[in-house]
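**Student:** Just the structure for this:
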Amino acid sequence: MEDNDQGCQSGGMNQGPRGKRSQREKNIERRLAEIAGAHSTLGMRRTLGWNLKGKINDNNDNDAKTCMYFVPFECRDDALSVLQALFKKYDCEPKSSSIISQDGMKLWKSVRENVIQPLKKAQDMQILSHMLKRDWKSHLHIPMDVIVWLIRVATTGNVTMFADLGIGTCEMALKVLERNMNIVQLMENKNGTKDMVVVSKLIWNMDDFVPMLQVMYGLKLWMPRIQKDHETNAMEKNPKHLEEPSGLRHAMMIWTKAIHGGYVQMPENREKAKVCMTNAISAVLFCGIDPVFHNGHGLLQIQGNLLSVLIQSIYKLMIDNEECTIEQPNNQLTEFEEWALSSAKYIIDSCQHYSSLPAISDEEDASEADNQGWLVMHMILRSWSIIHDKHVSILLFYSKLCHVALEKCLGWESTAWDHQVTKLALKMTQHVQSCKNENNNNNNNNNNNN
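**Tutor:** Numbering: from 1, shown residues only. Have a look, this model is predicted:
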């Protein structure tokens, strides 16, 4: 039985064979925390629910909804009762009137013997968490409602409530996504009977990402409010899952794996997809200015991985679109650059709004507030260093981000960019030449004196 998963290792949650971290791992985590803490805190703002004293979504965004995959459990007993209901549902012989096809019977048997019964045997909490971390094979069939339960427990977090169970559910969810396991579901036929079938791998929508950050983790956003026809999160008024950030860490890891594996569906309309990705990327960036990302929880690396897959996914949508032909690669690249420039302007302009949130640095005098968002902008641009995969799309996106930031810092209009660059270059050349002349004159004077 293998207890480790590469995905959770990247989040700083590597566990030993008995679920306990070694002293070496603790030392590494402590050292990483010291390194992270050594960075300047200038520009950090309290943007997440841990810093809002239980009052999340108080910026007129409390009408946001989250989908069924991201509704946290109120308590451990609630989560275990849902799991017991799943055991009762699948650990039995299907009624002949429920499943009529031979293929459906085979799928039911596979689910019962290879997934449900092994989990049911692990009644103890610690044993169950280890069972979830086992080396699940890629040919398995996983019921949709089991995946929903895994993601809900993993993203609820709260180590006090779930102990090691949150880590186990996260690891199993990551394996399901990484190994492209078959997802099955009971579907109702036209004649009223039910059958178990393999469903599409697109199991949730990209539009669900930002509402999840708002509702579950209290992210404060300055963007058009996003409403979904899903059930409202029951934890808005009592966010017990915000005791520590393991739920957010697991959520970002699961989204990263799901987007990379093609489990997340983009809006069908191309322009809506662009807006959706702009909102998602800006949300991840502004999550990263919260101090919880810089307190040694392993969130920075996970944030970098998520930013990477988000930017590359919209790049591939534009470059690899069915309408794109071999004769039109430059036009498609231009479309991405235009989107990157538009997104960069939106992000840099939003820095001014986030600067009004409470700062955490004693060096930021309240009487000299960062009204223009310079320090927040500094934090956003620093996110470049946490992205290790420098794909061409990453380079293009951050070049536009730096371009817009520099325009704002220098007070230039984008239409006069080339002129201003030439003007600045001429001034620099004149300054360098003046320094050379002054140095030569000094040398000549010294020689004459000698």
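**Student:** Restrict the longest strand along the chain to CA atoms and write it as CSV.
**Tutor:** Determined from DSSP state E, the single longest strand within the chain is strand 182-188. What follows is strand 182-188, C-alpha atoms only, in CSV (Å, rounded to 0.1, in the frame of the first residue of the first chain):
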residue,chain,number,x,y,z
ASN,A,182,-13.7,5.9,-15.4
ILE,A,183,-16.4,7.9,-13.8
VAL,A,184,-19.8,6.2,-13.6
GLN,A,185,-23.3,7.3,-12.7
LEU,A,186,-26.8,5.9,-12.4
MET,A,187,-28.7,7.4,-15.2
GLU,A,188,-32.5,7.3,-15.8
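**Student:** Packing partners of that strand?
**Tutor:** Applying 3 or more C-beta pairs under 8 Å, 6 or more residues apart in numbering; DSSP states H and E, we find strand 182-188 packed against strand 141-143, helix 144-156, strand 194-198. (Glycine included, C-beta is placed from N, CA and C.)
**Student:** show me the contacts for the closest residue to residue 91 other than its chain neighbours.
**Tutor:** In space, residue 91 comes closest to residue 116 once its chain neighbours are excluded; the distance is 5.1 Å by C-beta to C-beta, 6 or more residues apart in numbering. Listed by C-beta atoms under 8 Å, 6 or more residues apart in numbering, the contact set of residue 116 reads 86, 87, 90, 91, 146.
**Student:** So what's the residue count around the closest residue to the last one other than its chain neighbours?
**Tutor:** The spatial neighbour of residue 146 that comes closest, neighbours along the chain excluded (C-beta to C-beta, 6+ apart), is residue 86 at 6.0 Å. As a burial measure, residue 86 scores 18 neighbours (other C-beta atoms under 10 Å).
**Student:** Look up which helix or strand residue 86 falls in, please.
**Tutor:** helix 76-90 (DSSP states H and E).
**Student:** Going by residue numbers, what spans are helices in the stretch 101-250 of the chain?
**Tutor:** With DSSP state H, counting those that start in this stretch as the criterion, the stretch 101-250 of the chain has helices at 102-111, 117-121, 125-132, 144-156, 159-162, 165-178, 209-217, 246-260.
**Student:** would you turn these into CSV with distance to residue 410, mean neighbour count and mean pLDDT?
**Tutor:** Output for the helices of the stretch 101-250 of the chain, formatted as CSV (distance: least, C-beta to C-beta, whole Å; neighbours: other C-beta atoms under 10 Å; pLDDT from 0 to 100):
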stretch, distance to residue 410, mean neighbour count, mean pLDDT
helix 102-111, 61, 17, 88
helix 117-121, 60, 15, 87
helix 125-132, 53, 18, 79
helix 144-156, 42, 23, 90
helix 159-162, 47, 18, 66
helix 165-178, 44, 26, 89
helix 209-217, 32, 27, 87
helix 246-260, 34, 25, 92
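**Student:** now those in JSON lines, with distance to residue 409?
**Tutor:** Formatted as JSON lines, these follow (distance: least, C-beta to C-beta, whole Å):
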{"stretch": "helix 102-111", "distance to residue 409": "58"}
{"stretch": "helix 117-121", "distance to residue 409": "56"}
{"stretch": "helix 125-132", "distance to residue 409": "49"}
{"stretch": "helix 144-156", "distance to residue 409": "38"}
{"stretch": "helix 159-162", "distance to residue 409": "42"}
{"stretch": "helix 165-178", "distance to residue 409": "40"}
{"stretch": "helix 209-217", "distance to residue 409": "28"}
{"stretch": "helix 246-260", "distance to residue 409": "30"}
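**Student:** for residue 122, what are its contacts?
**Tutor:** For residue 122, the contacting residues are 128, 130, 131, by C-beta under 8 Å, 6+ apart.
**Student:** and of the helices of the stretch 101-250 of the chain, who's closest to residue 194?
**Tutor:** Closest to residue 194 of those, according to C-beta to C-beta: helix 102-111, at 8.4 Å.
**Student:** what's around residue 29, how many residues?
**Tutor:** There are 17 residues near residue 29, going by other C-beta under 10 Å.
**Student:** Please identify which of the contacts of residue 122 is nearest to residue 217.
**Tutor:** residue 128 (25.7 Å).
**Student:** I'd assumed residue 169 was in contact with the closest one.
**Tutor:** No. At 9.4 Å, residue 128 does not count as touching residue 169 under the criterion of C-beta atoms under 8 Å.
**Student:** circling back: from the contact counts, what lies against the helix holding residue 86?
**Tutor:** Using 3+ C-beta pairs under 8 Å, 6+ apart as the contact test, the elements touching helix 76-90 are helix 117-121, helix 144-156, helix 159-162.
**Student:** Select, out of the ones you listed, the one closest to residue 282.
**Tutor:** Of all the helices and strands packed on helix 76-90, it is helix 144-156 that lies closest to residue 282, at 20.9 Å by C-beta to C-beta.
**Student:** what's the angle from the closest one to helix 246-260?
**Tutor:** 130 degrees (axes from the mean of the first three to the mean of the last three C-alpha atoms, to 10 degrees).
**Student:** Quick one: residues in contact with helix 144-156.
**Tutor:** 68-73, 79, 82-83, 86, 89, 115-116, 132, 162, 165-166, 169-170, 172-173, 176, 183-185, 199, 203, 212, 216, 241, 247-248, 250-251, 254.
**Student:** got the contact list for residue 143?
**Tutor:** Residue 143 sits next to 86, 90, 111, 115, 183, 184, 185 when contact means C-beta under 8 Å, 6+ apart.
**Student:** Distance to residue 446 for those - can I get that in CSV?
**Tutor:** Formatted as CSV, those follow (distance: C-beta to C-beta, whole Å):
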residue, distance to residue 446
86, 87
90, 91
111, 89
115, 85
183, 81
184, 87
185, 87
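**Student:** If any of those are buried, give me the PyMOL selection for them.
**Tutor:** If you want just the buried ones from the contacts of residue 143 in PyMOL, going by 16 or more other C-beta atoms under 10 Å, the selection is:
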select buried, resi 86+90+111+115+183+184+185
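**Student:** which parts of the helix holding residue 86 are buried?
**Tutor:** Buried residues in helix 76-90, counting neighbours by 16+ other C-beta under 10 Å, are found at 76, 79, 80, 83, 86, 90.
**Student:** Name the helix or strand for residue 432, please.
**Tutor:** Assigned by DSSP H and E, residue 432 belongs to helix 417-449.
**Student:** what about that helix, distance to the chain center?
**Tutor:** Relative to the centre of its chain, helix 417-449 is centred 48 Å away, using C-alpha atoms, centre = their mean, to the nearest Å.
**Student:** Let me see the mean pLDDT of that helix.
**Tutor:** Mean pLDDT, helix 417-449: 73.
**Student:** Which parts of the stretch 301-450 of the chain are strands?
**Tutor:** Per DSSP state E, counting those that start in this stretch, the stretch 301-450 of the chain has no strands. Nothing in it meets that criterion.
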